[in-house]
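In: okay, here's the prediction I keep looking at, along with the sequence it came from:
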Amino acid sequence: MKDKKITLRDLMKNEKVIKYIKEADRYLEKIGYTEHGLRHAKYVGKTAGRILKELGHPLRRVELAEIAGFLHDIGNVIHRDHHAQFGALIAHELLLEAGMNLDEVIEITQAIGNHHEEDGVPVKDITAALIIADKSDVHRSRVRARHADIKRDIHDRVNYSARKSRVIIFPDKKIIKFDIEINTKISPVMEYFEIFLQRMIIASRAAKSLGQKFELFINGTRML
Ligand SMILES: [Fe+2]
Ligand SMILES: [Fe+2]
């Protein structure tokens with residue numbers, strides 16, 4: 001059988017893939033995590049692709065980053081711990097079954113297996129773009145209405161306080177910027193650092209591996 005050039009579009013129509021993403025999100029909802037479903041998957045996929053595109057990487061690298069981004073959290077269907085590595089194995093099987101060639105499958109599984117802030121390493125451009133896109137998704141819409149516990153849950157509070165979050169690429173200045181707007185009446189800026197410092201460190205490492213400098217702005221003030 002000839003290898004197929006699989007794209008994000010194909011996977012968005014793939015029933016098995018959609019089922020894994022939805023079930024992984026259902027599991028995280030059960031254990032009290034913010035939204036990690038189709039909205040997060042699409043955001044991370046599109047953003048990872050956009051990062052490589054705006055940095056002038058070849059089209060197929062852009063497409064592979066989109067796919068890695070879309071699939072990156074499916075490992076949560078098994079457990080939150082080691083979800084990056086579990087997800088890599090699941091993606092490996094789904095992508096081979098969909099007809100993708102082995103070299104591309106390896107690129108994607110490696111990116112997914114390295115996206116988590118605790119043990120991930122931005123080994124290649126696709127991995128780096130996936131890490132930056134994933135860590136930039138801080139937004140009010142990720143707080144689950146039924147579970148919103150703004151008073152007691154710091155993750156809910158910080159996400160709920162984020163009215164806007166954007167990744168902006170300045171290829172000429174070699175800067176990747178996170179631009180976040182937080183309602184400090186809901187969550188003080190310190191709380192953002194309390195839960196996201198590790199994520200900012202890996203995002204900064206990922207930007208560096210792409211030859212870019214990482215900057216973090218909160219409410220218009222440069223923090224990193
Ligand atoms: Fe993840
Ligand atoms: Fe994620």
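Out: Looks like it arrived, so ask away. Ligands and ions are numbered 1, 2, ... in the order given.

In: from ligand 2, how far off is the residue positioned nearest the centre of the chain?
Out: The structure's the chain has its C-alpha centroid closest to Asp134; by CA atoms, centre = their mean the separation is 2.0 Å. To ligand 2, Asp134 is 4 Å away according to CB to the ion, to the nearest Å. (Each C-beta comes from the backbone N, C-alpha and C, glycine too.)

In: then Asp149?
Out: To ligand 2, Asp149 is 21 Å away according to CB to the ion.

In: quick one: pLDDT of that residue?
Out: pLDDT for Asp149: 75.

In: can you tell me the element the nearest residue to it once chain neighbours are set aside falls in?
Out: Using CB to CB, 6 or more residues apart in numbering and skipping the chain neighbours, the partner closest in space to Asp149 is Asp156 (5.2 Å). Using DSSP states H and E, Asp156 sits in helix 154-161.

In: please point out which parts of that helix sit buried.
Out: Using 16 or more other CB atoms under 10 Å as the test for burial, helix 154-161 gives 155-161.

In: same check on stretch 160-175?
Out: By 16+ other CB under 10 Å, the buried positions in stretch 160-175 come out as 160-162, 165, 167, 169.

In: what sits up against stretch 82-98?
Out: Around stretch 82-98, the neighbours that count as contacts under CB atoms under 8 Å, 6 or more residues apart in numbering are 4, 6, 10-11, 14, 16-17, 20, 24, 67-68, 71-79, 102, 104-105, 108-110, 112-116, 119-120.

In: now the two most distant members of the buried residues of stretch 160-175.
Out: Tyr160 and Ile169 (27.0 Å; CB to CB).

In: so what touches the longest helix anywhere in the chain?
Out: Taking DSSP state H as the criterion, the chain has its longest helix at helix 189-209. Outside of helix 189-209, the residues that reach it under the criterion CB under 8 Å, 6+ apart are 117-118, 120, 122, 125, 127-129, 131-132, 135-136, 138, 154-155, 157-158, 176, 178, 180, 182, 213-214, 216, 218-219, 223-224.

In: close to ligand 2, is that helix?
Out: No: Helix 189-209 stays clear of ligand 2 (CB under 5 Å from the ion), getting no nearer than 10.1 Å.

In: same for the helix or strand of the chain with the lowest mean pLDDT, what does it pack against?
Out: Within the chain, confidence by mean pLDDT, DSSP states H and E is lowest for helix 154-161 among all helices and strands, at a mean of 90. Applying 3 or more CB pairs under 8 Å, 6 or more residues apart in numbering; DSSP states H and E, we find helix 154-161 packed against helix 189-209.

In: lovely, talk soon.
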